[in-house]
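Engineer: Predicted model and sequence below, questions to follow.
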Amino acid sequence: MALAAQGFARPRPLSPGTRQLNLELARMATLQIDSVNVFARSHYMPLFSRLGSYDPAALDRLLFARRAPYLEYWAHVAAFIPSTDWSLFRFRMDDMRAKYATKADGWFHSNRDVVDWVRGELSDRGPLRPAQIDYDIQRGTRGQWWDWDAVKHALEYLWLFGEVAIAGRRGFERTYGLAEHVVPREALARQVTRDDAVRELVRRAARAYGVATAADIADYWRLRDRRAVLAAIGELVDAGELEQVSVEGWMTAGRPAKAWVHTEARLPRRIDAAAILTPFDPVVWFRDRAERLFDFEYRIEIYTPAPQRRFGYYSLPVLVDDDIVGRVDLKADRAGSRLLVQSAWWERTRPADAPERLAAELRTAASWQQLDAISVSRWGDATGDIVSALPGAGRHDSASPEPTVRHDEADARVGDDPDSVRA
């Protein structure tokens, strides 16, 4: 049921295009952003997992075109949302402002001059990349020097407060504009109370998950007010949209955990799927839920020093049918036009045809990324099976260690906590 709600119960389309991209984006309700780009940018991956090989440029046009139907905001974390949903997060924008703009000793209050200067630049010149503002600062157009970090922090705060919106990206660099220049007028003007917004977000999370606990639902949008989430769940139960259930094996404090099924959720006869998932896919992004659903213990190891990694720098879960059966650490070697399987591991159980189905996914992944060959390392108990299922695959001796990401680099990774914006 959970996988069906996330779109894995249907066969992949032969030629996915804009319509299919929009359908899957609507099903997930949000698309998380992360800057790690070892194999593919994370926001491209959930669509690949569900649709197979598609044109990333088609997704770029949906997400980054002028007046695009999607915008970026702090939804699950930094993520794309439908532009019409901007007002659903007004309560969060207000909370961010109350948290960061009112501290007398905080960065925002102490740097009002640069904040006002940045506002003026965006008002006078329209949407800009930070580097464009930085260039003007160095030329002294307003008579004062502020460094790039100060400009970036001002923009990030104003974005969290809803004063500024992301007008697009060049590569992975954001372009910022005043919200009134970017957000559709109707969405900007719409007033939604906190209670109504939380109820709607709870409704969407429950629909996207199919069956979920209150903690699952709250995590989908990082809603920290548990009472508000439970109140919204109760209202949706009363309205006949949710039904309370118990799920075998779901326990909390030694007792069956309360869970809720959305009335639109369907239990398919079987899931016939094979997919490589990003760590930021809704299927696995809440690690407690992934462990409950699949008995899959999952941690990203980019912060772990290379000698201490168990599975690799950026291991990706492997879904076969209705279970996560393994993980693969993938890297795109653009210069050599190779998909590198840096490590591969099996979980406790898997169907007999798992190696062949994973091999087929790796071939699809290489083709999707326009890589001509696949090479498999010798690190991991699944590598031999993969090579046997991939005639012609190359071998390399071991995974070349990727650099450890330092926690002080979190500001460059837009998927981290908003507190990383010094903030």
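Structural biologist: Looks like it arrived, so ask away. Numbers count the residues shown, from 1 in each chain.
Engineer: Just the element for Arg50, please.
Structural biologist: Secondary-structure assignment from DSSP states H and E places Arg50 in helix 45-51.
Engineer: And stretch 193-201, what's buried?
Structural biologist: Using 16 or more other C-beta atoms under 10 Å as the test for burial, stretch 193-201 gives Ala197, Val198, Arg199, Glu200, Leu201. Placement of C-beta: from N, CA and C, glycine included.
Engineer: could you pull out the helices for the stretch 151-300 of the chain?
Structural biologist: All helices of the stretch 151-300 of the chain, identified by DSSP state H, counting those that start in this stretch, fall at 179-182, 185-189, 194-209, 214-220, 226-238, 287-294.
Engineer: Show which residues not belonging to the shortest one make contact with it.
Structural biologist: Yep, that's helix 179-182 we're talking about. With contact meaning C-beta atoms under 8 Å, 6 or more residues apart in numbering, helix 179-182 is reached by Leu71, Trp86, Leu122, Gly126, Pro127, Gly162, Glu163, Val164, Ala165, Ile166, Ala167, Leu188.
Engineer: let's see it at 6 Å
Structural biologist: Glu163, Ala165, Ala167 (C-beta atoms under 6 Å, 6 or more residues apart in numbering).
Engineer: Distance of the closest residue to Leu316 other than its chain neighbours relative to Ile300?
Structural biologist: Excluding the flanking residues, the one nearest Leu316 by C-beta to C-beta, 6 or more residues apart in numbering is Ile276, at 5.1 Å. Noted for Ile276: a distance of 15 Å to Ile300, by C-beta to C-beta, to the nearest Å.
Engineer: out of those two, which sits in the more crowded spot?
Structural biologist: Each of Ile276 and Ile300 has its neighbours counted (other C-beta atoms under 10 Å); Ile276 has more, 23 against 16.
Engineer: picking up where we left off before, now tabulate the helices of the stretch 151-300 of the chain in TSV and tack on mean pLDDT and distance to Ala365.
Structural biologist: Shown next, in TSV, are the helices of the stretch 151-300 of the chain (pLDDT from 0 to 100; distance: least, C-beta to C-beta, whole Å):
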stretch	mean pLDDT	distance to Ala365
helix 179-182	97	34
helix 185-189	96	36
helix 194-209	99	24
helix 214-220	98	27
helix 226-238	99	37
helix 287-294	97	21
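Engineer: Distance to Arg255 added to those, as a markdown table?
Structural biologist: Conversion of the helices of the stretch 151-300 of the chain to a markdown table gives the following (distance: least, C-beta to C-beta, whole Å):
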| stretch | distance to Arg255 |
| --- | --- |
| helix 179-182 | 46 |
| helix 185-189 | 42 |
| helix 194-209 | 21 |
| helix 214-220 | 14 |
| helix 226-238 | 17 |
| helix 287-294 | 14 |
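Engineer: Just want the phi and psi numbers for the closest residue to Thr18 other than its chain neighbours.
Structural biologist: Nearest non-adjacent residue to Thr18, counting by C-beta to C-beta, 6+ apart: Ala58, 5.8 Å away. Here is the backbone geometry of Ala58 (degrees, to the nearest 10): phi -70, psi -40.
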